[in-house]
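Q: Pasting the sequence and the predicted model now:
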Amino acid sequence: MLDHEERFLFREEIVNLASSLAEPGQLDNVEDLLAEVTTSPRFDSDVFTLERSLQVMLGGRAGSTLVGLLTVDREVFDETGEMGLPSEVHERLVSWRARFGLAIDNALNYLNNPDGIQGQLLHAEGGTTLQGRLTLVRYNNEPQFFIADADVLLTLAADVLERLGEHLGPEMVDGDLVNRLREGVELVERRAKARG
């Protein structure tokens, strides 16, 4: 939770945001903008445009606060309910977080990790494991993997196969999995030839 100073600053930001949202029709305008931008097929690259648009619509400070509020930790967001916001504003903030918060947060994470994947091979007593993360983004409740640069993922796959192959024994290799890997390589080869 927020300490005393953080709570004071947070209250100032929220009061300023609530004031900007209190203008007639502003709640509807912001919701329309959030709905339009977050359902765009290019939203992953346009998320910063959303923040700039909100800054123009609400004021720089309020626009940034809103984006932060929709993506902040749940316990911090819940503090807004304790700050005496008008009920209509608070209800909209709660609904916006549910509808748009995950998409905005994932898009920002994706832009901060444009390769869409991080991973490393670890050699331990129990064997070799790959620890890493794929960026899975959900828009309209439909999952999709973003591939910013296919070469990055293919290079990682090649590195994993090369390094992992050195440590494999016959009992560790499943024949069906090897066939899947072979089919995957053949698919990549066909796509590369078609592009060429």
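A: Alright, I've got the coordinates. Owing to the predicted nature of the structure, the values given are computational and were not obtained by experimental measurement. Numbering: from 1, shown residues only.

Q: List the buried residues of stretch 31-38.
A: The neighbour-count check on stretch 31-38 (16 or more other Cβ atoms under 10 Å) flags L33, L34, V37, T38 as buried. Any C-beta I mention is one placed from the backbone N, CA and C, and that applies to glycine too.

Q: The last one and N106, how far apart?
A: Right, the one you point to is T38. Going from T38 to N106 by Cβ to Cβ, to the nearest Å gives 10 Å.

Q: Then the first one?
A: L33 sits 18 Å away from N106, going by Cβ to Cβ.

Q: Now intersect the buried residues of stretch 31-38 with the helices, please.
A: Among the buried residues of stretch 31-38, the members falling in helices are L33, L34, V37, T38 (criterion: DSSP state H).

Q: Would you map the strands across this protein?
A: Remark: strands assigned in the chain by DSSP state E are 117-124, 127-134, 136-139, 142-145.

Q: lowest-confidence stretch among those?
A: With a mean of 39, strand 136-139 has the lowest mean pLDDT of the strands of the chain.

Q: State the mean pLDDT of the lengthiest helix in the chain.
A: Ranked by number of residues, the top helix in the chain under DSSP H is helix 175-195. The pLDDT scores in helix 175-195 average 88.

Q: can you list the weak-confidence ranges in this structure?
A: Filtered on pLDDT under 70, the chain yields the residue ranges 1-2, 44-46, 110-153, 195-196.

Q: According to the record, where do the domains of it fall?
A: Domain assignment for the chain by automatic domain parsing gives 4-112, 117-195.

Q: what's the most buried one of those domains?
A: Highest mean neighbour count among these (mean count of other Cβ atoms under 10 Å): domain 4-112, with a mean of 16.

Q: what about that domain, distance to the chain center?
A: Distance, stretch centre to chain centre, for domain 4-112: 15 Å (Cα atoms, centre = their mean, to the nearest Å).

Q: ditto for stretch 166-186
A: That offset, for stretch 166-186, works out to 32 Å (Cα atoms, centre = their mean).
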